[in-house]
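In: I'd like to go over a predicted model; first the sequence, then the structure.
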Amino acid sequence: MANEDFKFPDEIEKEAPKKAAAEDDFTFEIEDDTPPEDRGRKPMAEPPEDPSDDELSSYDEKVQARIKKFTRGYHDERRAKEEALREREAAEGYAKQVIEENKRLQQQLAQGSQIIIDQSKTSAEAQLAYAKKKYKEAYETGDVDALTDAQSEISAATLRLDKAHNLRPLQVEEKEVQTQQRPQQVQTKESERDSE
């Protein structure tokens, strides 16, 4: 405890927003996870057609099984891509919702702190006016003890009023969330590839 420096509450409050601001810095990065050997590959013009039962019956059973396996694999991959796209869109939507909620809460906090400051100023001014009234009454009656009590109340009320005037509302920092999106061309190519 001897090594720790004492800090006044207003010093702690000044340091707290800096720490919180440092923790809230975040960025979104959307990466292209296409394997390097598949990048730039032209998508198929249209998806492969599912073979009809008549066409399959003209092939050997092993060939039929292999064709069904490849067709099923293609559709499984397409469904997986569509699911990944839905999940990504849902995650982006949720992130935007959280950011908007955070902004709204920060604004409410700033408004609330301003209201508290205004109330503390009003209260301190009322206490000072009451202390001045008591001082005036004590002076008119000539009561020395009441006069000194009123003087100390004026000092305390003046100190409270000075502290209330020095209070500053919490500032809402506009943090810009950085998102890195792929170019629109890449997205359209992927949507064409996914539709196949």
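Out: Great, that's in hand. Just so it is clear, the structure is predicted and the values come from calculations on it, not from any experiment. Numbers count the residues shown, from 1 in each chain.
In: helices of the chain, residue ranges please.
Out: 9-23, 53-57, 61-141, 144-166, 184-195 (DSSP state H).
In: those helices into TSV, with extra columns for mean neighbour count and mean pLDDT?
Out: (Each C-beta comes from the backbone N, C-alpha and C, glycine too.) Formatted as TSV, the helices of the chain follow (neighbours: other Cβ atoms under 10 Å; pLDDT from 0 to 100):
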stretch	mean neighbour count	mean pLDDT
helix 9-23	10	60
helix 53-57	10	74
helix 61-141	13	88
helix 144-166	14	90
helix 184-195	13	48
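In: turn those into a markdown table, including distance to Pro35.
Out: Shown next, in a markdown table, are the helices of the chain (distance: least, Cβ to Cβ, whole Å):
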| stretch | distance to Pro35 |
| --- | --- |
| helix 9-23 | 35 |
| helix 53-57 | 31 |
| helix 61-141 | 13 |
| helix 144-166 | 61 |
| helix 184-195 | 14 |
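In: to Glu46, which of those lies closest?
Out: The closest of those to Glu46 is helix 184-195. By Cβ to Cβ, the value is 9.1 Å.
In: list phi and psi for the residue of the chain most remote from its centre.
Out: For the chain, the largest distance from the centre (Cα atoms, centre = their mean) belongs to Gly142, which lies 62.1 Å off. Main-chain torsions, Gly142, degrees, to the nearest 10: phi 80, psi 20.
In: any idea how far it is from Ser155?
Out: To Ser155, Gly142 is 21 Å away according to Cβ to Cβ, to the nearest Å.
In: find the centremost residue of the chain, please.
Out: Centroid-nearest residue in the chain: Ile99, 3.7 Å away (criterion: Cα atoms, centre = their mean).
In: what sits up against stretch 144-157?
Out: Stretch 144-157 is contacted from outside by Ala124, Gln127, Leu128, Tyr130, Ala131, Lys132, Lys134, Tyr135, Glu137, Ala138, Tyr139, using Cβ atoms under 8 Å, 6 or more residues apart in numbering.
In: ok, and the closest non-adjacent residue to Ala131?
Out: Glu153 (3.9 Å; Cβ to Cβ, 6 or more residues apart in numbering).
In: if I look at that neighbour, how far off is Ser120?
Out: Glu153 sits 17 Å away from Ser120, going by Cβ to Cβ.
In: and for Lys103?
Out: From Lys103 over to Ser120 the distance is 26 Å, taken as Cβ to Cβ.
In: same question, Ser113
Out: Using Cβ to Cβ, we find Ser113 at a distance of 11 Å from Ser120.
In: Gly93 now?
Out: With distances taken as Cβ to Cβ, Gly93 is found 41 Å from Ser120.
In: Gly142 now?
Out: Gly142 is 34 Å from Ser120, by Cβ to Cβ.
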